[in-house]
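S.K.: Here's my sequence, what's the structure:
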Amino acid sequence: QVRLVESGGGLVQAGASLTLSCTVSGRTYSWYAMGWFRQGPGKEREFVAGIRWSDDSTTYADFVEGRFTISRGNAKNTIYLQLTSLKPEDTAVYYCAATLRVTSWSDRVYDYWGQGTQVTVSS
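M.R.: Okay, here's the model as predicted:
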């Protein structure tokens, strides 16, 4: 069984930075990619960023606008999402996700999920 656990969320003021972490445990897979999604209050879950295991390529949602950076730890069972210049509209539960499927890079549909970590940005 695969387990993804996020950490690092919190309450910050607009303009602040946070770094989210996601650690994978349990059964080990050779992931095609891992990524971050978020779900704001009253909104649908949306893709934020992804990182491909084979070459560390990254992809971001348009709204990121260079403010967030996804990266992978040396142990390869941890990914990070560095959030900078946070805005109140970035308030959401942030979820870590993983996929074994090549198609996920384009359709951004992932198969394994964490429980999420809350990020709240005050104005």
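
S.K.: Can you tell me which residue is spatially central in the chain?
M.R.: Central residue of the chain (C-alpha atoms, centre = their mean): W36, 2.0 Å from the mean position.

S.K.: residue contacts, that one?
M.R.: By C-beta atoms under 8 Å, 6 or more residues apart in numbering, W36 lies in contact with 20, 22, 48-50, 70, 79, 81, 94-97. From N, CA and C alone the C-beta is placed, and that goes for glycine too.

S.K.: cool, and D107?
M.R.: Per C-beta under 8 Å, 6+ apart, neighbours of D107: none.

S.K.: start the count at 18, not 1, going forward
M.R.: Understood, numbering begins at 18; the last thing we discussed is D124.

S.K.: what's the distance between it and G52?
M.R.: Plainly put, D124 is 12 Å away from G52 if you go by C-beta to C-beta, to the nearest Å.

S.K.: same thing with S139?
M.R.: Distance, S139 to G52, using C-beta to C-beta: 26 Å.

S.K.: okay, the two: which has more neighbours?
M.R.: G52 (27 against 11; other C-beta atoms under 10 Å).

S.K.: Fine by me, thanks again.
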